[in-house]
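[1] Build me a model from this:
(one chain, ligands or ions: 1)
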Amino acid sequence: MIRVQRGAEPSELATVRASELTRVRALGHPPSSEEVGTRYQTVGDELWRRQDFKCCYCESREQRKRNDVEHFRPKARAQRAPGSTATHGYWWLAWSWQNLYFACRNCNQAPHKLDKFPLAPGSVALTPEQHPPGQEQPLIIDPGTESGIEHIQFRPRSPATDAIWAPTPRGGSAKGLHTIRVCGLDRDDLLELYTAHVRQFVRPEMDRLELGTSSPGSVHDRWAELTRRVLAPSMPYVGLSFDALDHFVPEALRAQYGLVLTPP
Ligand SMILES: [Zn+2]
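    Residues are numbered from 1 along each chain as shown. This is a model prediction of the structure:
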C-alpha cells in the first residue's frame with residue numbers, strides 16, 4: 001500500500017457536491033445509503049485512471065467495472081470500534097474528492113472494509129458537517145495522505161526460497177494492524193498473488209544485478225534503474241516490492257555497494 005497521488009479535484013464533482021448537499025440537507029435527517037445515491041460515481045473512471053488502475057488498499061490492478069468508488073469515511077453508517085460507539089455516517093463527505101478512492105470489491109466489501117472505520121481509543125468522531133481531522137484518530141491508513149509503507153511491512157513467513165509473503169504491522173503499528181484486518185490484506189488469494197509477484201517479478205529483477213560477479217559501478221547503475229522500474233507508483237504491489245528488495249539486498253549489503261533504497 002503506497003500513498004496515492006490523485007491530483008486536483010475534477011470540476012464536475014464540485015457541481016455535484018453543491019446540489020447533492022442541498023438535497024440531503026433538506027431531508028431533515030441523516031441520509032441512508034439509498035438517499036445518498038450514486039452521483040459521486042461521476043468521478044469513478046477518473047479515480048481509476050489517476051490511481052493507475054490500482055486498488056488503493058491492496059495495490060492489485062483491476063478493471064473499472066464491478067469495482068468500487070470507495071468512501072474512506074463511510075457515507076451512511078460507520079463502525080468505529082474500538083475508539084467510539086457512534087454509528088452515524090459521514091454523508092457530508094460523500095462527494096468530497098479527499099474522501100473518494102478507487103478500490104477493489106474484495107478489499108471494500110463484506111467481510112472486509114464495508115462501513116468499518118476504526119478509531120483509536122480517546123478519539124471523538126466528527127460531528128455532521130465537521131471536516132477532518134477534528135479530534136478523530138483513525139486506525140486505518142488514509143492512502144491519500146500517508147504511505148502504507150510506514151505502517152505495513154511484508155515479510156516471508158519462513159526462510160524457504162518459496163516462502164509465502166505476507167503483510168505485518170511495521171514496528172507494531174496499530175494503524176498497520178487495523179488496516180490489514182479491516183481490508184483483509186492478508187487474505188489467502190492475495191498472499192498467493194504477493195508471493196507470485198516476488199517470485200516472477202522482483203526476484204528475476206534482482207538476479208539481473210549479478211551481485212558478486214559484476215563491478216560495483218555496474219551494480220550501482222543497474223540498482224538505480226531497477227528501483228526506478230520496480231517501485232514506479234504505476235506498478236502493482238509497490239509496498240511489497242520495497243520490502244522484498246530490502247530483504248534480498250539488506251542494508252549492510254547495500255552499504256558495501258553504496259546502494260540507496262528510498263521508500264516511494
Ligand atoms: Zn483491493
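[2] list the contacts for residue 110?
    The contact partners of residue 110, by CB atoms under 8 Å, 6 or more residues apart in numbering, come to none. Quick note: C-beta positions are derived from backbone N, CA and C, even for glycine.
[3] and the residue lying closest to residue 146 once chain neighbours are set aside, helix, strand or coil?
    Once flanking residues are discounted, residue 146 sits nearest to residue 3: 6.4 Å by CB to CB, 6 or more residues apart in numbering. For residue 3, the secondary-structure state derived from DSSP: H, G, I helix; E, B strand; the rest coil is coil.
[4] which SS state does residue 133 fall under?
    Secondary structure state of residue 133, per three-state DSSP, is coil.
[5] so which strand or helix has residue 246?
    Using DSSP states H and E, residue 246 falls within helix 238-248.
[6] what's in contact with that helix?
    Under CB under 8 Å, 6+ apart, the answer for helix 238-248 is 1-2, 59, 148-149, 152-156, 165, 167, 194, 197-198, 201-203, 206, 227, 230-232, 235, 261, 263-264.
[7] can you give me the helices for the protein?
    Ranges of helices in the chain, per DSSP state H, are 11-25, 33-36, 44-50, 105-108, 174-183, 188-197, 203-207, 216-230, 238-248, 251-257.
[8] nearest to residue 90, of the ones you listed?
    Proximity to residue 90 (CB to CB) singles out helix 33-36 among these, at 10.1 Å.
[9] Distance from the chain centre to that closest one, please.
    Distance of helix 33-36 from its chain centroid, counting by CA atoms, centre = their mean, to the nearest Å, is 25 Å.
[10] Residues touching it, excluding its own?
    Under CB under 8 Å, 6+ apart, the answer for helix 33-36 is 20, 24, 27, 75-77, 89, 91, 94.
[11] mind listing what's buried in that helix?
    residue 36 (16 or more other CB atoms under 10 Å).
[12] Check stretch 17-28 too.
    17, 20-21, 24.
[13] Could you dump the residues you listed into JSON lines with distance to residue 253 added?
    Below are the buried residues of stretch 17-28 laid out as JSON lines (distance: CB to CB, whole Å):
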{"residue": "17", "distance to residue 253": "51"}
{"residue": "20", "distance to residue 253": "54"}
{"residue": "21", "distance to residue 253": "55"}
{"residue": "24", "distance to residue 253": "57"}
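[14] distance of the nearest residue to residue 86 once chain neighbours are set aside from residue 84?
    Nearest residue to residue 86 in three dimensions, chain neighbours excluded: residue 125, at 4.3 Å (CB to CB, 6+ apart). According to CB to CB, to the nearest Å, residue 125 and residue 84 sit 5 Å apart.
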